[in-house]
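Chemist: Predicted model, plus sequence, below.
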Amino acid sequence: MAVPKRKKSKRRTRQGRAHHALNAVNLADCPKCGEKIMPHTACVNCGHYGDKKVIDVETKLDKKLKKKENKENETKEK
Ligand SMILES: [Zn+2]
């Protein structure tokens, strides 16, 4: 098995780790509701992409609630 020939100094380790920092995500404002959104994606809050409504948020929310209810009922039955 290959093994490093020398110990990596503190300096070398730290110099490498100097590049590990994460960058903040670049968020845009939704033109409809002002919510922070990922650029080039539909808004999760109001379902608009630009001026067009592309997601029916209310039906989606209903589905989500129903799913949650079903799950709770299942856990109660057991
Ligand atoms: Zn929005």
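Modeler: The structure has been received and is ready for your questions. Computed from a prediction, not measured in an experiment: that's the story for all the values here. Numbering: from 1, shown residues only.
Chemist: all strands of the protein, in order?
Modeler: Taking DSSP state E, the strands of the chain run over residues 28-29, 36-37, 48-49, 52-53.
Chemist: what's the burial count for the residue lying closest to His48 once chain neighbours are set aside?
Modeler: Excluding the flanking residues, the one nearest His48 by CB to CB, 6 or more residues apart in numbering is Lys32, at 4.4 Å. Bear in mind the C-beta positions are built from the backbone N, C-alpha and C, glycine included. Lys32: 16 surrounding residues under other CB atoms under 10 Å.
Chemist: Please tell me how far Lys32 sits from Glu74.
Modeler: Distance of Lys32 to Glu74, given as CB to CB, to the nearest Å: 37 Å.
Chemist: try Glu35
Modeler: For Glu35, the distance to Glu74 (CB to CB) stands at 33 Å.
Chemist: Asp29 now?
Modeler: The spacing between Asp29 and Glu74, counted by CB to CB, is 40 Å.
Chemist: about what we covered before: and Glu35 and Glu74? Which one has more around it.
Modeler: Glu35 (14 against 9).
Chemist: quick one: stretch 39-56 to chain centroid distance?
Modeler: Stretch 39-56 sits 16 Å away from the centroid of its parent chain (CA atoms, centre = their mean, to the nearest Å).
Chemist: cool, stretch 32-41 as well?
Modeler: Centroid displacement of stretch 32-41 relative to its chain, using CA atoms, centre = their mean, is 13 Å.
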